[in-house]
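1. Everything below, folded, please.
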Amino acid sequence: MILTQKETELLKDMKEQEELCIKKYSKYATEAKCPQLKTLFNTISGHESAHLQSINEMLTGKEPASPAPMSENNQMCKCCDYSSTQDKDHDAFLCQDMLGTEKHVSALYNTGVFEFKSPAMRKMLNHIQAEEQQHGEWLYAYMNCNGMYN
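-> Now for the predicted structure:
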């Protein structure tokens, strides 16, 4: 399939954002003080890698197969017993940054859903957007459980 210039540019933006998400989640997983937060960041990083793979395939003009159903891997709220306020504040900053990033990325996918002519591509972008929103839900749940969300 031949992509329009607008579709190509949107996919390039999505690719850059997915690459940034992977870098940030991977970096933050090593920096997080709480083991549960490290696990959460690593889990989400894996999802972002799958998104990047889908975007790269789409950039070649390949229409994606139907997306796999969203996993039922419900990241339940994981409360951490922080040894210091400084550690908790550090992890809160990481979570706030990633929640803001997820909001931005979700909005980018929302635009894509309306701009692509291929139903298969729109369906995949919608699926990825739903997963980005799920990541935000997991981050919110972690923050709320640990008294980091006001």
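
2. okay, Ser71: pLDDT?
-> pLDDT for Ser71: 68.

3. Sorry, wrong one. I was asking about Ser45.
-> For Ser45, pLDDT reads 97.

4. so where's the protein shaky on pLDDT?
-> 71-77 (pLDDT under 70).

5. where exactly do the helices run in it?
-> According to DSSP state H, the chain carries its helices in the segments 5-31, 35-59, 85-115, 119-145.

6. Can you tell me which of those is nearest to Ala65?
-> With CB to CB, the closest approach to Ala65 among these belongs to helix 119-145: 7.9 Å. In short, each C-beta sits where N, CA and C put it, glycine included.

7. Determine the angle, from 0 to 180 degrees, between that closest one and helix 85-115.
-> 160 degrees (axes from the mean of the first three to the mean of the last three CA atoms, to 10 degrees).

8. Show me what helix 119-145 is packed up against.
-> helix 35-59, helix 85-115 (3 or more CB pairs under 8 Å, 6 or more residues apart in numbering; DSSP states H and E).

9. Any buried residues in that helix, and which?
-> Residues 120-121, 123-129, 131-136, 138-143 are the ones in helix 119-145 that count as buried (16 or more other CB atoms under 10 Å).

10. Can you name the residues that contact the closest residue in space to Ile22 that isn't next to it in sequence?
-> Distances taken as CB to CB, 6 or more residues apart in numbering place Glu48 nearest to Ile22, at 4.8 Å, with adjacent residues excluded. Shown in contact with Glu48 (CB atoms under 8 Å, 6 or more residues apart in numbering): Glu18, Cys21, Ile22, Tyr25.

11. just curious, which of these is nearest to Glu63?
-> Glu18 (18.7 Å).

12. My understanding was that the closest one contacts Ile55; is that so?
-> Yes. Using CB atoms under 8 Å, Glu18 makes contact with Ile55 at a distance of 6.0 Å.

13. sorry, back to before: make CSV out of the helices and strands packed on helix 119-145 and add distance to Lys78.
-> Formatted as CSV, the helices and strands packed on helix 119-145 follow (distance: least, CB to CB, whole Å):
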stretch, distance to Lys78
helix 35-59, 4
helix 85-115, 11
